[in-house]
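Undergrad: pasting a predicted model and its sequence here:
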Amino acid sequence: MNRILYTNAADWPALIARLALAIVVFPHGAQKLLGWFGGGGFQGTMGFLTGDVGLPWILALLVILIEFFGPLMLIAGAATRVAAFGILGNFIGIVVSSHLKSGFFMNWYAEANKEEGLEYFILLFGLTLISLIAGGGKASVDAELTKRSG
């Protein structure tokens, strides 16, 4: 367990990566769980993910929980690698199921209903991998626990 939480308490890039990742993913989770930012909330998202997307209810629930609580864990730097791993798995599933066929670009200027490309996800995966490798870094719960156990 110590290896999962271990981090360098002076690592600024790890802090920056985990906060950037949390800031980008949290609104998606808040849309899904709470209905913030124009989202469907828990009921609407569960209905969409289990009905339209066809996910089993347990996977739909995990998507919602990972996208909401994962960023909160990242902000605190608490079990950073666990949160990053959950986010990585979640977004790999999203890319494979919905975005691989759409190419590189976001395609916001294209016709309606065209899926987003991979550029956002490449950046998200980069930040996630930094968090997986470095852990929480500076100003994290993981760093405090590392100091106490060392």
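TA: Everything's here; your move.

Undergrad: check what contacts stretch 40-57 and list those residues.
TA: Residues from elsewhere that reach stretch 40-57 (CB atoms under 8 Å, 6 or more residues apart in numbering): 31-35, 39, 59-61, 63-64, 97. Backbone N, C-alpha and C define where each C-beta goes, glycine included.

Undergrad: contacts only, for the residue sitting nearest the centre point of the chain.
TA: Taking CA atoms, centre = their mean, the centroid of the chain lies closest to Ile87, which sits 3.6 Å from it. Counting by CB under 8 Å, 6+ apart, Ile87 touches 21, 25, 66-67, 70-71, 74, 124, 128.

Undergrad: over to Thr128?
TA: By CB under 8 Å, 6+ apart, the neighbours of Thr128 are 21, 84, 87-88, 91.

Undergrad: just the ones in helices from the residues you listed, please.
TA: In helices, defined here by DSSP state H, the members of these are 21, 84, 87-88, 91.

Undergrad: I'd like the distance between the residue nearest to Tyr120 when sequence neighbours are not counted and Thr45.
TA: In this structure, Tyr120 finds its nearest non-sequential neighbour in Met106, 6.4 Å apart by CB to CB, 6 or more residues apart in numbering. Per CB to CB, to the nearest Å, Met106 is found 22 Å from Thr45.

Undergrad: cool, and Ala76?
TA: Distance from Ala76 to Thr45, by CB to CB: 24 Å.

Undergrad: Leu5 is in contact with Gly135, isn't it?
TA: Yes: between Leu5 and Gly135 there is a contact under CB atoms under 8 Å: 7.0 Å.

Undergrad: pretty sure Ala17 contacts Leu123?
TA: No: applying CB under 8 Å, one finds Ala17 not in contact with Leu123, separated by 10.8 Å.

Undergrad: the two: which is more packed in?
TA: Ala17 (24 against 13; other CB atoms under 10 Å).

Undergrad: where does the protein have low pLDDT?
TA: Counting by pLDDT under 70, the ranges of the chain that qualify are 1, 107-114, 150.

Undergrad: perfect, that will be all.
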